[in-house]
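Engineer: Fold the following.
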Amino acid sequence: MCKLLIVDDNPHIINVIERVGIFAGLEVASAASYKEAVKLLHTYVPHIILIDIMLPGKKGTELLKEPMEFPAVPLIFTGTHVSSEQLLDAIRHGAIAVITKPASIEILEAYFKLAAKIAESRMVEHSFGSMVGGMQELRKVVTGAVASAMVLQEGVRSDRGVE
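Structural biologist: Got it, this is the predicted structure:
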């Protein structure tokens, strides 16, 4: 199941978005501030992040600069009045969507389903990459073991006087 993190300072908006996320089949966690989101991200690894572009005291994109692992997580930004500069900033940070508040439930649900598909395909790519990397490491170990066995076999042959 894909995990959604909602970061917004408005409890009413969080409540609505949580319900839409659950209805879309996502596991949902939320944070009402930048500081709360940073703390939560130490224990909760989301597959999708929906974040308000303008949190009190910080821009939503600043959360992505925290020293944490964000392996190509689909990002959805929200905002009441989104300027062209904010839109470009969101896109540069990897946004798959920038939704103007208030957004309809249908739009949120559609973006959640799209983000879940993107997240799942990225998880498969990551798993496949890890598997290929693991197979390459295994190949190195087996090659080394075969080479060692051949050297050992040659040593045994010379000890026995066999050529």
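
Engineer: where's the nearest residue to Val45 once chain neighbours are set aside relative to Pro102, distance?
Structural biologist: The shortest distance from Val45 to any non-neighbouring residue, by C-beta to C-beta, 6 or more residues apart in numbering, is to Lys3 (7.0 Å). C-beta coordinates here come from the backbone N, C-alpha and C atoms, glycine included. Distance of Lys3 to Pro102, computed by C-beta to C-beta, to the nearest Å: 24 Å.

Engineer: Compare neighbour counts for those two and give me the winner.
Structural biologist: Legend: neighbour count by other C-beta atoms under 10 Å for Lys3 and Pro102, higher for Lys3 (18 against 10).

Engineer: check contacts around the more buried one.
Structural biologist: Shown in contact with Lys3 (C-beta atoms under 8 Å, 6 or more residues apart in numbering): 26-29, 44-48.

Engineer: Could you turn the buried ones of those residues into a PyMOL selection?
Structural biologist: Applying 16 or more other C-beta atoms under 10 Å to the contacts of Lys3, the buried members can be selected in PyMOL as follows:
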select buried, resi 26+28+29+46+47+48
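
Engineer: between the contacts of Lys3, which is closest to Glu109?
Structural biologist: Among the contacts of Lys3, Leu26 lies closest to Glu109 (C-beta to C-beta), at 10.1 Å.

Engineer: Please give me every residue in contact with the closest one.
Structural biologist: By C-beta under 8 Å, 6+ apart, the contact set of Leu26 is 1-4, 48, 112, 116.

Engineer: what pLDDT does it get?
Structural biologist: According to the prediction, Leu26 has pLDDT 91.
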